[in-house]
Structure formats: C-alpha cells, structure tokens
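Student: Sequence first, then the predicted structure:
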Amino acid sequence: MTAASANKETLIHRNILDAVGDTPLVRLPADFDPEVKCEVLLKLEYSNPGGSLKDRIAIHMIQAAVERGDLAPGGRIVECSSGNTGAGLAMAASAMGFDITVVIPDKMSQEKISAIEALGAEVVITPANVDIEDPMHYTKVAGQIAKECGGWWPDQYHNTDNTDAHYKTTGPEIWAQCEGQLDAFVAGAGTGGTLTGVAQFLKEVDPSVQIVGVDPPGSILAHWWKHREMCEPAPYAVEGAGEEEVPGAWNPDIIDDYLVIEDAHSFQIARKLAAETGIFAGGSSGMNLAATLKVARTLPETARVVTILPDGGRAYLSKVYSDDWMRDRRFLPPVPEAGATLQELLRNRERATVTPDDTLAWAVHQTGERGVRPLPVVENGTLLGVLDEDAAIACLTQGKDLNQLKVADFMQAAPPVLEATAPWTDAANRLQTSERILVRDKNGFLSFSRRDLIRALPRLQHEV
C-alpha cells in the first residue's frame, strides 16, 4: 500500500457509525454578549450524522448490550425518547441490522418524529401530559412493548452505558481540543449521561474545572441537586432536557452548581445564535448557552468555558424557529388586547390565488398539495369568489382531465372578507357563523379559520 492510498483510507469511514464523534469546538464571537469577557467555546454535537449528541450513546449502548448478550443479532430495540436518542438508535439499528420501536411523547416536534420514521423505525406516540407513574407515560409504554415483544429496552435514563459513552468520548475530546486549559463546563441534563460522563472525565484530569448543570423550570433535577428531595414536576417546552424523576445515569454529587433557565430565554438565545453567528442549534442548545453566558459573566478575561450544543435547529423549524409557535405560546412578547388588530393574529402560511382562466388542475394543486383553502379566484386585483371544492372533488372522482377544465366553471361565493387592520374582535364575531374568513392585507388574501383563532388568541395580553 502506498503512502497516498494509506492516507486516502484514513479519510474514508467504514460505515456511518464511524463518523460519530470528533465534533467541532467553535469559539463564540466576542461581541455576542458584551458583558462576557472570557472565551466561550461551543461543542457542536449536531454535526454528528444522526443530528445530535445522542448518536454517541446509541452506538455505545447497543454495542455493550450485544457484548453482554442482552441483544441478539436481528433482535428488536425498544426505547423511549424525546427524539434524539430515538434518531441515534434508529440510525445505528439500521446500520447494524436491528429492528427498532421508538416511543415518543406528543410534545416533540414533527421534524423529529419524521426523521425517526425515515430511518426505518416504528414510532409510537404517547401523551405528554401524563404523570410518570401513568401506564401511558412514554417510559412505561416502552417497557411494556419491550416485555411483550421480547425486545431489548436500553432504558437510557437509568443505563450507565449512557454515561460511559460520554466519559470515553465527549469528555476526552473536549479536553484535547482545549489542550488541557478549561475553567468551567456547562450543560443541561435529561438522562444525565452527558453532564455526568463529561464531568467525571474532566474532574479526573483537573478537579478544579467547575461543572454547572442547567435545568428548565418544571424539571426536578435542579431542585433535587440543591435539596436532595423530590418536588412536583411541571410542564416545560424545551425538548431533551429536564426530568420528572431522578435518572440513574445522572450523578448530582459531581456537579458544582445548577442554574434554571426559562423556556422563553432558551429559545430567544437559540434564535439569536442562529441569526447572528450562523450556528443553527436547537432549543436546549439555547438553554445551555444562556446558562453559559450567565457563568461567563462572572469569570475573568483569561478564563475558558465550554458548553454543549446537543442538536440542530432543523428539528425545530415548526417550533423554536416559527414566529407563530413562539407568539402563540408567549415566548415572544404578547400583544395588548386593547386596540389589537386582526394582523396580530395572522399566521405565516401558504398563499395563492388563481384566475378564472387557470386550469382546474392548477387550482387543485394549490388547494390539495399546498393547503390554500379557500382558494381565492382573483382577476385584475378583484376577488371574484373562491374555488368550489365540492365540484372539483366530483371531477376528481370521475377521473376527468383537470387540465382541460377552467377555474371559471368551478367558482362559488367567497366567505366574509375582512381587512387585516380591522379589530381582532371582528374576526371572532364573523367566525361564530362561518368556519373560515378571508383576510386582505398588503400581500393579498389569507385564509383565517376558527382553528387559527383558537391558536392565536393566547398572543393577546388582557388587562387584569
């Protein structure tokens, strides 16, 4: 083998699993937070091929289970996940020849669910608003499915192989990338494996490194760390961090401090990071960075602090990076109800119009594939009506050639039309007798339904 071919071989991975790890450590721009004087470094775990740091534990847990004989060749993996572990396990299962079922709560983003399904996994959706002891809780459902089908349940929350994966890979990578110079490490915990595994390694090589945990409000972990007692869990929106019970993969004794970051702040920091630096990370990354900045503000200019960005922003396009989702849940400032217009309640959605001379095929594409309903029929800026969907459906069921038919022959009267500048109460009143209305703004016409109203009303701030 020549030197050239040997070098080429080292650049080619045997399979997708060998591409996991060795993720970049990137310096946060100094002007991101003017109050921070020290160096802040971000470990970009979303650059793993499965999109998150959970790729590491997925491989390690499966390999350990195979070595112990807990998982036989061709067997089935069954795991509960907030999404990222499910994706990592699905990727690894596909590459290693295992079947897999992933149980995921319904609060997780559709992007995560679709990604897991794309990797060949069976996905079971469970309600997110049930107590951890409820048989419909996703951890209980996963255990039951594994028992019924004879599958292997990794149980990431209480599996110390989870912690061991980060002790053996993530921790050493951070230390090597920092060339042995590190003052603080900040990270959230869900299962606790990342925080504990990295902390154990760093404390072994340098006991002076400060370990700071991060929790969303509603999680029990920060309270447990401070008081060593359970508290009542409450709902929170950030995904992949926080917990309702004390996980076995988490070691509170190795942590020096714990911070709690509000959901709104976590999401706003994630959005700021993407917009100002090009680092496109998820909501829990925003939580970790928000806590890191808080720690960094107390450190001298010569200090260095590292945090983890667990996953990428593409998994949260319908949530953290959606203005509508953020506004509906008041993660962006609410609008005073007095004087609010319909414009404040409108959603960012697909728009389209057709003319009477357009083909029915084109109109059906706008309505069926793009979801523009009702579809306005406009000529020279004048609204003539909307597509008659019942008549269009009849043509489809009869197998007619829609390219030979014109929209002019498939029109009906438009629903009520309101200006976007009208008081929001006008829309509420109109929707009492109509399922949908059309709203006219500077960009044309937009559909507004009762569902849209229900989703958007929480944006309004009522006087107390």
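Tutor: Perfect, thanks for sending it. Please read all numbers here as calculations on a predicted model, not as lab measurements.

Student: What sits closest to Arg314 if chain neighbours are left out?
Tutor: Excluding its sequence neighbours, the residue lying closest to Arg314 (Cβ to Cβ, 6 or more residues apart in numbering) is Glu111, at 6.6 Å. For glycine as for every other residue, the C-beta is placed from the backbone atoms N, C-alpha and C.

Student: Of all residues in this structure, which one is nearest the centre?
Tutor: By Cα atoms, centre = their mean, the chain has its centre lying nearest to Tyr316, at 3.8 Å.

Student: Could you tell me which residues make contact with that residue?
Tutor: Shown in contact with Tyr316 (Cβ atoms under 8 Å, 6 or more residues apart in numbering): 109, 111, 239, 270, 282-283.

Student: After the strand or helix carrying the residue nearest to Arg314, which helix or strand is next? Please name it.
Tutor: In the assignment (DSSP states H and E), Glu111 maps to helix 110-118. Next helix or strand after helix 110-118 toward the C-terminus (DSSP H and E): strand 122-126.

Student: What residues sit buried inside that following strand?
Tutor: Buried residues in strand 122-126, counted by 16 or more other Cβ atoms under 10 Å: 123, 126.

Student: How far off centre is that strand?
Tutor: Distance of strand 122-126 from the chain centroid (Cα atoms, centre = their mean, to the nearest Å) equals 16 Å.

Student: what is the orientation angle of that strand with helix 110-118?
Tutor: For strand 122-126 against helix 110-118, the angle by axes from the mean of the first three to the mean of the last three Cα atoms, to 10 degrees is 150 degrees.

Student: what's strand 122-126 packed up against?
Tutor: On a contact count with 3 or more Cβ pairs under 8 Å, 6 or more residues apart in numbering; DSSP states H and E, strand 122-126 meets strand 99-105, helix 110-118, helix 138-149.

Student: among these, which is nearest His223?
Tutor: Nearest of those to His223, taken as Cβ to Cβ: helix 138-149 at 19.9 Å.

Student: one step back: among the contacts of Tyr316, who's most crowded?
Tutor: Of all those, the highest neighbour tally under other Cβ atoms under 10 Å goes to Gly282, namely 34 neighbours.

Student: just to revisit the earlier point, okay, the helices and strands packed on strand 122-126 in a markdown table with mean pLDDT and distance to Pro458 next?
Tutor: Rendered in a markdown table, the data for the helices and strands packed on strand 122-126 read as follows (pLDDT from 0 to 100; distance: least, Cβ to Cβ, whole Å):
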| stretch | mean pLDDT | distance to Pro458 |
| --- | --- | --- |
| strand 99-105 | 94 | 21 |
| helix 110-118 | 91 | 20 |
| helix 138-149 | 92 | 26 |
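
Student: Now for the contacts of Tyr316: which two are most distant?
Tutor: Farthest pair in these (Cβ to Cβ) is Glu111 and Ala270. Separation: 14.6 Å.

Student: quick one, what contacts Tyr138?
Tutor: Counting by Cβ under 8 Å, 6+ apart, Tyr138 has contacts 80-81, 103-105, 126, 128.

Student: between those residues, which is nearest Glu301?
Tutor: Ser81 (40.6 Å).

Student: Next, work out how far apart Asn348 and Lys319 are.
Tutor: Counting by Cβ to Cβ, to the nearest Å, the gap from Asn348 to Lys319 is 13 Å.

Student: same deal with Val209?
Tutor: Distance of Val209 to Lys319, given as Cβ to Cβ: 33 Å.

Student: so which of the helices and strands packed on strand 122-126 gets nearest Asn251?
Tutor: In terms of Cβ to Cβ, the element of the helices and strands packed on strand 122-126 nearest to Asn251 is helix 138-149, at 19.9 Å.

Student: Next, the angle strand 122-126 makes with the closest one.
Tutor: Using the same axes, to 10 degrees: helix 138-149 against strand 122-126 is 130 degrees.

Student: Which one of the helices and strands packed on strand 122-126 lies nearest to Ala187?
Tutor: Set against Ala187 and scored by Cβ to Cβ, these come closest in helix 110-118, at 20.1 Å.

Student: Quick one: distance of the closest one to the chain centre.
Tutor: In terms of Cα atoms, centre = their mean, the centre of helix 110-118 is found 11 Å from the chain centre.

Student: And that helix, what's buried?
Tutor: In terms of neighbour count (16+ other Cβ under 10 Å), helix 110-118 has its buried residues at 111-113, 115-116.

Student: Tell me the one of these nearest Asn288?
Tutor: Within these, the smallest distance to Asn288 is 18.3 Å, found for Lys112 (Cβ to Cβ).

Student: count of neighbours near the nearest residue to that closest one once chain neighbours are set aside?
Tutor: Nearest residue to Lys112, sequence neighbours excluded (Cβ to Cβ, 6+ apart): Gly83, at 3.4 Å. Using other Cβ under 10 Å, Gly83 is surrounded by 25 other residues.

Student: I'd assumed Ile116 was in contact with Gly83.
Tutor: Yes - Gly83 lies in contact with Ile116 (Cβ atoms under 8 Å); the separation is 7.1 Å.

Student: Now for the two: what residues contact both?
Tutor: Listed as contacting both Gly83 and Ile116 by Cβ under 8 Å, 6+ apart are Ile104.

Student: Stretch 126-138: end-to-end distance?
Tutor: 6 Å (Cα to Cα, to the nearest Å).

Student: Going by neighbour count, list what's buried in that stretch.
Tutor: Using 16+ other Cβ under 10 Å as the test for burial, stretch 126-138 gives 126, 137-138.

Student: now, which of those sits nearest Phe448?
Tutor: Phe448 lies nearest to Thr126 out of those, by Cβ to Cβ, at 32.3 Å.

Student: Settle this for me: that closest one is touching Val102, isn't it.
Tutor: No - counting by Cβ under 8 Å, Val102 is not a contact partner of Thr126; they are 10.9 Å apart.

Student: I'd like the next helix or strand past the worst-scoring helix or strand of the chain on mean pLDDT.
Tutor: The weakest-scoring helix or strand in the chain, judged by mean pLDDT, DSSP states H and E, is helix 3-10 (a mean of 48). Using DSSP H and E, the next helix or strand after helix 3-10 towards the C-terminus is strand 25-27.
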